[in-house]
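[1] my questions are about this predicted structure, shown below with the sequence.
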Amino acid sequence: MFKALLLSFFLFATILQVNAQSTYSISGVVRDQKETLPGAAVYISGYKISTVTNNDGRFTLPNLKPGNYDILVQMIGYLPFSKNIIISDKSVQVDFLIKESTTTLNEVVIRVDPNRQKYINQFTEYFIGRSPNAKLCKILNPQVLRVDFDITRSTLTVKTDEFLIVENKALGYRLKYMLDYFEFNSRTNIIYYSGKPFFEELKASGSKKKKFIEMRETAYYGSAQHFFKSLYKGNVKDEGFIINKMEKIPNPYRLNEIIINQNITKLRTPPEKTGIRKNAGVVDTAQLAFWIKQRDMPKYIDKLNQADVLVDTLLHYYNKDLKYLNYDNSLCIIYTKERESLEYDRSGSWIRRPLTIPNYQMSLAQLTEGPVRFYENGGIFDSRSLLYQGFWAYEKVADMVPMDYIPINKQLP
C-alpha cells in the first residue's frame, strides 16, 4: 500500500513538473531615458492577458506556452510601444525603452480635408467589416486617425500613433488596437491591414453575457483561427473543414495572344486612301472593341479541384512549436457546419462555386511570401504570407475573438 501511494506521489509530482515546464513567462522592466516607469500597462496582443508595472517598473506575464507574442506597452504621456517576443523553451527577460510623446496641442496643425469623413467611413467599412456584428461595433476615437488618399495610385492609407479603441457590442469586447498599417487600393480592391489588438471584456448582465458567448461561438467556428488550430492538431475533418485546391487554368474563352495582337494592330492601322476623292478608310470600331475586350480578359481563370487535399502532403514541422504549409495555387477551405449568410452574399466578397457544392462557407488562402508558419493556438507567425478571399476576407475586426479563446460548446455537425 505504501509503495502504491509512493508511486502515485511520484507520478503526480512528475505531472506537475511537466505541466510547469510547458509554460513560461515574459518579464522585464519598462523605462524611459531617465528612469523606470511604474504604472505602465503591458498587454499581450491578441489575448486578454495584461499586467501593470510595479513601483520599480517591473512586470511579469506568466503561464505562457511556446509561441510568438507581440507585447504592447501603454502609458499616458508616452508613445505606444510594441515588441515581438518569441518563447521557445525558456522564459524571456526583456527591457522596454519607451519614448515620451513630444506632440502638444500647440504643435498640432489641423488641415481641413472635405473628404476626411468619406475616407474614415471607407476605413471603418474595410477595417471593421460589413457583417451583422460590424453594425454593433464603433470606433470611439476616430480623431486619432491620419488619412491620406494618393490619387495617382488610387490608394487610401490610414495611420495613427495611438491605440485605436473599438467597442464591439456584438461579441462583448473592447479592443485596444495598435494599427501598424492600413492600405486600400480602389483599382485592385485589395485591402491590406495589420495590427495588434488587445481584448477587454465589456461589463454585462448575466443574460447579456450568455448572448455574448453565443455570438463568440459563431464567430470562432469556421474562422481562419479555428482552421489553423484544428490543422495543427490534425483534426480538420472532424472539425468540419474540407480542403481543396483552386487551380489556375488557361482561360478557354480567351483567344491566342498572337492572334489578338495581330488583329488589334491591323484594325488600328487606317486602310489606304482609295477612289477619285481619296476618301480615308473607316476603322471597324465594332471589331476593334471585340479584340480589345479579348485582350483585357484574364489569361487564366480559377477552377476548383474537388479532390480532397491530404493534410500530410501540406503540413510540415518547422520546429517543435511551429508547423508550416507550403503549396501552389490557392487552398480552398470549405466549412461544412455553417452556411453563408444573406449579408455575405450582398457584400461582394463571395467567390464562385460549382453548382454541386452547397452554400457552405468557402474561403481561399493564397500564399504571398513563401511557406506560412503557425502555432498550436492557430496564430500565424508571418501574417503577410497569406492573402484571403471569400468568407475569411469578409470577416474582419468585428468578428475577431482572442487567440486564447476556448469554445464552450462543441458545434454540432
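    Alright, I've got the coordinates. Computed from a predicted structure; not experimentally measured.

[2] identify all contacting residues around the helix or strand containing Glu183.
    Using DSSP states H and E, Glu183 sits within strand 173-185. If you take C-beta atoms under 8 Å, 6 or more residues apart in numbering as the criterion, strand 173-185 is touched by 43, 45, 72, 74, 80, 82, 122-123, 126-127, 153-160, 163-168, 190-202, 397, 400-401. C-betas here are computed from N, CA, C, even on glycine.

[3] please repeat the previous calculation with a cut-off of 6 Å.
    Residues outside strand 173-185 that contact it (C-beta atoms under 6 Å, 6 or more residues apart in numbering) are 72, 80, 82, 126, 154-158, 160, 163-164, 166-167, 191-200, 202.

[4] also stretch 376-383?
    Under C-beta under 6 Å, 6+ apart, the answer for stretch 376-383 is Asn68, Gln225, Phe228, Lys229, Tyr232, Arg373, Phe374, Met403.

[5] chain center to it: distance?
    10 Å (C-alpha atoms, centre = their mean, to the nearest Å).

[6] likewise for stretch 306-323?
    The chain centroid and the centroid of stretch 306-323 are separated by 20 Å under C-alpha atoms, centre = their mean.

[7] just the CA trace of it, in CSV.
    Output in CSV follows, covering the C-alpha atoms of stretch 306-323 (Å, rounded to 0.1, in the frame of the first residue of the first chain):
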residue,chain,number,x,y,z
GLN,A,306,-12.8,18.9,-55.8
ALA,A,307,-10.4,16.1,-54.9
ASP,A,308,-9.7,16.3,-51.1
VAL,A,309,-6.2,17.5,-50.4
LEU,A,310,-4.4,15.2,-47.9
VAL,A,311,-3.1,17.2,-44.9
ASP,A,312,0.1,15.1,-44.8
THR,A,313,1.0,16.5,-48.2
LEU,A,314,0.7,20.1,-47.0
LEU,A,315,1.7,20.1,-43.4
HIS,A,316,5.3,20.0,-42.1
TYR,A,317,7.2,20.6,-38.9
TYR,A,318,9.2,23.8,-38.7
ASN,A,319,10.3,23.1,-35.2
LYS,A,320,8.7,21.7,-32.0
ASP,A,321,6.4,24.7,-31.7
LEU,A,322,5.8,25.7,-35.3
LYS,A,323,4.3,23.9,-38.2
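
[8] next, the buried residues of it.
    Val309, Leu314, Leu315, Asp321, Leu322, Lys323 (16 or more other C-beta atoms under 10 Å).

[9] same question for stretch 334-352.
    Ile334, Tyr335, Thr336, Glu340, Tyr344, Ser347, Ser349, Trp350, Ile351.

[10] circling back to that earlier point, by pLDDT, rank the buried residues of stretch 306-323 and give me the bottom one.
    By pLDDT, Asp321 ranks lowest within the buried residues of stretch 306-323, coming in at 81.

[11] before we move on, back to that, what's the closest of the buried residues of stretch 334-352 to Arg384?
    Ser349 (20.0 Å; C-beta to C-beta).

[12] pretty sure that closest one contacts Ala393?
    Yes: at 5.3 Å, Ser349 counts as touching Ala393 under the criterion of C-beta atoms under 6 Å.

[13] secondary structure element for Thr313?
    helix 311-314.

[14] before we move on, back to that, just the buried residues of stretch 306-323 now: which is nearest Ser27?
    Nearest to Ser27 among these, with distances taken as C-beta to C-beta, is Asp321, at 19.8 Å.

[15] now do the contacts for that closest one.
    Pro66.

[16] going forward, count from 11.
    New numbering, starting at 11: the last item is Asp331.

[17] what distance do you get for it to Ile54?
    16 Å (C-beta to C-beta, to the nearest Å).

[18] just the helices in the chain please.
    12-31, 126-138, 216-230, 234-243, 267-278, 295-306, 321-324, 352-357, 401-404 (DSSP state H).

[19] in terms of secondary structure, what does the fifth one contact?
    It stands for helix 267-278. Under the contact definition 3 or more C-beta pairs under 6 Å, 6 or more residues apart in numbering; DSSP states H and E, helix 267-278 sits against helix 295-306.

[20] now the helix it packs on: average pLDDT?
    Mean predicted confidence for helix 295-306 is 90.

[21] same question for stretch 261-279.
    89.

[22] before we move on, what about stretch 250-258?
    So the average pLDDT for stretch 250-258 ends up being 92.

[23] what does stretch 394-406 give?
    pLDDT averaged over stretch 394-406 gives 90.

[24] touching it from outside, list them.
    139, 234, 354, 357, 359, 361, 371-376, 378-379, 382.

[25] ok, so of these, who is nearest Gln304?
    Out of the contacts of stretch 394-406, the member with the shortest distance to Gln304 (by C-beta to C-beta) is Ile361, at 24.2 Å.

[26] I'd like the distance between the closest one and Gln316.
    Distance from Ile361 to Gln316, by C-beta to C-beta: 14 Å.

[27] equivalent analysis for Leu89, please.
    Computed as C-beta to C-beta, the Leu89 to Gln316 distance reads 51 Å.

[28] one more: Ser196?
    34 Å.

[29] quick one, what contacts Pro308?
    By C-beta under 6 Å, 6+ apart, the neighbours of Pro308 are Asn261.

[30] go with 8 Å
    Taking C-beta under 8 Å, 6+ apart as the test, what Pro308 contacts is Asn261, Arg264.

[31] kindly report the same for Arg363.
    Contacts of Arg363 by C-beta under 8 Å, 6+ apart are Leu314, Asn369, Met372.

[32] please indicate which of the residues you listed are buried?
    Buried members of the contacts of Arg363, counted by 16+ other C-beta under 10 Å: Leu314, Met372.

[33] check the contacts of Arg363 for the minimum pLDDT and say which it is.
    For those, the pLDDT minimum is Leu314, 87.

[34] so what are the sheet partners of the strand holding Glu193 and their directions?
    If you go by DSSP bridges, strand 183-195 pairs up with strand 165-169 (antiparallel), strand 174-178 (antiparallel), strand 200-211 (antiparallel).

[35] from Asn65, how far out is Tyr334?
    Relative to Asn65, and taking C-beta to C-beta, Tyr334 is found at 43 Å.

[36] how about Ser357?
    Distance from Ser357 to Asn65, by C-beta to C-beta: 51 Å.

[37] likewise for Met188?
    If you go by C-beta to C-beta, the gap between Met188 and Asn65 works out to 26 Å.
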